[in-house]
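*Asks:* mind folding the following:
(one chain, ligands or ions: 2)
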Amino acid sequence: MALLLALDQGTTSSRAIVFDDAGSIVGAAQREFQQHFPKPGWVEHDAADIWQAQLDVAVEVLAKLKLKPADVAAIGITNQRETTLLWDRKTGEPIHRAIVWQDRRTAAFCDQLRADGKEDLIRDKTGLLIDPYFSGTKIAWLLDNVPGARQRAEAGELCCGTIDAWLAFKLSGGELHVTDASNASRTLLMNIHEGDWDDELLTLLNLPREILPSIRFSSEVYGEASSKSPLAGLKIAGMVGDQQGALFGQTCFDAGAAKNTYGTGCFMLMNTGAEAVASKHRLLSTVAWKVDGVTEYALEGAVFIGGAAVGWLRDGLGVIKSSSDVEALANTVEDSGGVSFVPAFTGLGAPDWDPYARGAIIGITRGTTTGHIARAALDGVALQVADLLEGMHHDLGQALSELRVDGGASVNDTLLQIQADVLQIPVVRPKVTETTALGAAYLAGLAVGVWPNRDAIRQQWQVDKRFAPKISADEAASRRATWRRAVERTKGWAQE
Ligand SMILES: Nc1ncnc2c1ncn2[C@@H]1O[C@H](COP(=O)(O)OP(=O)(O)O)[C@@H](O)[C@H]1O
Ligand SMILES: O=P(O)(O)OC[C@H](O)CO
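*Replies:* Ligands and ions are numbered 1, 2, ... in the order given. Coordinates of the predicted model:
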């Protein structure tokens, strides 16, 4: 029996999961790490913390299972996307904390790019919109704001990368400076049709090419863990952005197959095959993966706050002790009692794309309880996802028959029932909800011959539970209309 080690570096925690060749979880370890919010709308991670947490959980899971590195066929890395850092090529020291995907500090720079008429150029080449979400403007901010960074970058002393590149660099003891096509497609710097960094975009953002990693396939042997590492000798054979990883782990291999992941944010991706579909509804066109030299694409809707709304009920409002308590609290009431909760804590992603929107709880009356607010939080997550699916339906000219779901918050049956209700299609949860990690394990396993091809993987996907809509189409439409009224009220709030 072959084993694979997936390193899943998420926004709130680092996980290491060992899978067997049947795609089942053999063991897992997880560690949360600190979030830094230095100013309103800013979000940072300490890259050294991320690396340490990731290494610790990898060592922990192997120890728990009494495995040596030689017992594992390969490592697959999957990661929170867009989050970017710069580090010293020789010492491996980061020059600043990583700027997280949710961070809004480059909103004014994005406004300027838009005012300069760069939207079409960027959309045509990258499949993305102009938004602080993507890495490019974050890198420019680091080069312009960390003393000496630009000179060091131009002298070739610095490496830049998203978290996949950082983990590969650290794991290999500084040997590898690589990223994969799915991660590169989130930077605003890659031409997704040509598969390479784009000089016109680099000039536009004033970024030197030398700092960037080389763009590799999502499934290939890039190198191995350094001889000094506790994982010494383990092959690094898969790299993929976490949302694309989940699409792969859900075995959405054919055009038209889609999934939604409920983690910190919510990300709905639909495989569009060998063609990048240009969205007319403010969705993103992105690389799903590059395997055996072939690039496949996805249409994506990104919602910035999903499970994090529940995290805020726990850490910000203090009305629950752990995220899983939200379900019991939300079930103390029949419905949200007229309350809408728009969790635009870090602006709005698709389809509204407003970095200046901020969260709102609206419709509160004297009868409102914490139960109503918890319920409204779950509604808010599901209603954002409904906005994404509507855009996809319009772009593709056809409706999905069901939606596969996964991620940390997908254990919540109440959330998934609300989701099926507002979507008016069945929502299906697989047995393995750690599909992000599973996708990375699959990609690594394909590279080292654990499976001959995707068909050998396809039949491993199994249903855990199916949620069918329980409300009428009229009621769903009415809930969605109320939701849109609430969303409109949050827009532009933080704009000076
Ligand atoms: N039972 C639950 N109901 C709703 N949300 C939950 C539940 N359990 C966890 N969450 C939320 O899911 C998120 C964690 O999911 P995870 O997939 O680990 O996220 P990430 O990969 O972004 O770190 C957190 O924001 C947490 O608040
Ligand atoms: O950490 P997650 O799982 O919410 O994923 C974050 C996304 O990759 C951001 O684009």
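*Asks:* any regions of this protein where pLDDT drops low?
*Replies:* The chain contains residues with pLDDT under 70 at 496.
*Asks:* and Q243, what does it touch?
*Replies:* Contact analysis of Q243 by Cβ atoms under 8 Å, 6 or more residues apart in numbering lists R81, T261, F267, L269, E300, A302, T436. Bear in mind the C-beta positions are built from the backbone N, C-alpha and C, glycine included.
*Asks:* after whichever strand or helix holds T179 comes which helix or strand?
*Replies:* Under the criterion of DSSP states H and E, T179 resides in strand 178-180. Following strand 178-180 in sequence order, the next helix or strand is helix 181-184 (DSSP H and E).
*Asks:* what sits up against that next one?
*Replies:* 79, 81, 162, 164-165, 190, 195, 197, 215-218, 239-241, 244, 286-290, 295.
*Asks:* what separates the very next helix or strand once past it from the chain centre, distance-wise?
*Replies:* For helix 181-184, the succeeding helix or strand toward the C-terminus, using DSSP H and E, is strand 190-191. Here strand 190-191 is found 19 Å from its chain centre; the criterion is Cα atoms, centre = their mean, to the nearest Å.
*Asks:* ditto for stretch 308-328
*Replies:* Per Cα atoms, centre = their mean, the centroid offset for stretch 308-328 relative to its chain is 21 Å.
*Asks:* that stretch vs ligand 1: in contact?
*Replies:* Yes. Using Cβ under 6 Å from any ligand atom, we find that stretch 308-328 touches ligand 1 at A308, V310, G311, S323, S324, V326, E327.
*Asks:* can you list the residues of this protein near ligand 1?
*Replies:* Counting by Cβ under 6 Å from any ligand atom, the chain sits next to ligand 1 at 10-13, 263-264, 307-308, 310-311, 323-324, 326-327, 407-409, 411-412, 415.
*Asks:* rewinding a little: ok, so of the residues of stretch 308-328 next to ligand 1, who is nearest ligand 2?
*Replies:* The shortest approach to ligand 2 among the residues of stretch 308-328 next to ligand 1 belongs to A308, at 7.9 Å (Cβ to the nearest ligand atom).
*Asks:* tell me how far Y442 lies from G363.
*Replies:* Distance, Y442 to G363, by Cβ to Cβ, to the nearest Å: 44 Å.
*Asks:* the more surrounded of the two?
*Replies:* Y442 (29 against 17; other Cβ atoms under 10 Å).
*Asks:* secondary structure element for A377?
*Replies:* helix 370-396.
*Asks:* which strands and helices lie in contact with that helix?
*Replies:* Judged by 3 or more Cβ pairs under 8 Å, 6 or more residues apart in numbering; DSSP states H and E, the packing partners of helix 370-396 are strand 258-262, strand 266-273, strand 294-303, helix 307-315, helix 326-330, strand 340-342, helix 413-423, helix 473-490.
*Asks:* which element follows the shortest one toward the C-terminus?
*Replies:* Once the chain leaves strand 340-342, the next helix or strand it forms, by DSSP H and E, is strand 360-362.
*Asks:* hang on, the earlier thing: in PyMOL, how would I select just the buried ones from the residues of the chain next to ligand 1?
*Replies:* Buried residues within the residues of the chain next to ligand 1, by 16 or more other Cβ atoms under 10 Å, are selected in PyMOL with:
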select buried, resi 10+11+12+13+263+264+307+308+310+311+323+326+327+407+408+409+411+412+415
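*Asks:* so which of the residues of the chain next to ligand 1 also contact ligand 2?
*Replies:* Near ligand 2, by the rule Cβ under 6 Å from any ligand atom, you find G10, T11, G263, T264 out of these.
*Asks:* can you list the residues you listed in JSON lines and add secondary structure and distance to D352?
*Replies:* Converted to JSON lines, these look like this (DSSP: H, G, I helix; E, B strand; the rest coil; distance: Cβ to Cβ, whole Å):
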{"residue": "G10", "secondary structure": "coil", "distance to D352": "24"}
{"residue": "T11", "secondary structure": "coil", "distance to D352": "21"}
{"residue": "G263", "secondary structure": "coil", "distance to D352": "20"}
{"residue": "T264", "secondary structure": "coil", "distance to D352": "18"}
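*Asks:* closest one of those to S401?
*Replies:* For these, the closest approach to S401 (Cβ to Cβ) belongs to G263, at 24.4 Å.
*Asks:* list buried residues within the contacts of helix 181-184.
*Replies:* Neighbour counting by 16+ other Cβ under 10 Å classes 79, 81, 162, 164-165, 190, 197, 215-218, 239-241, 244, 286-290, 295 among the contacts of helix 181-184 as buried.
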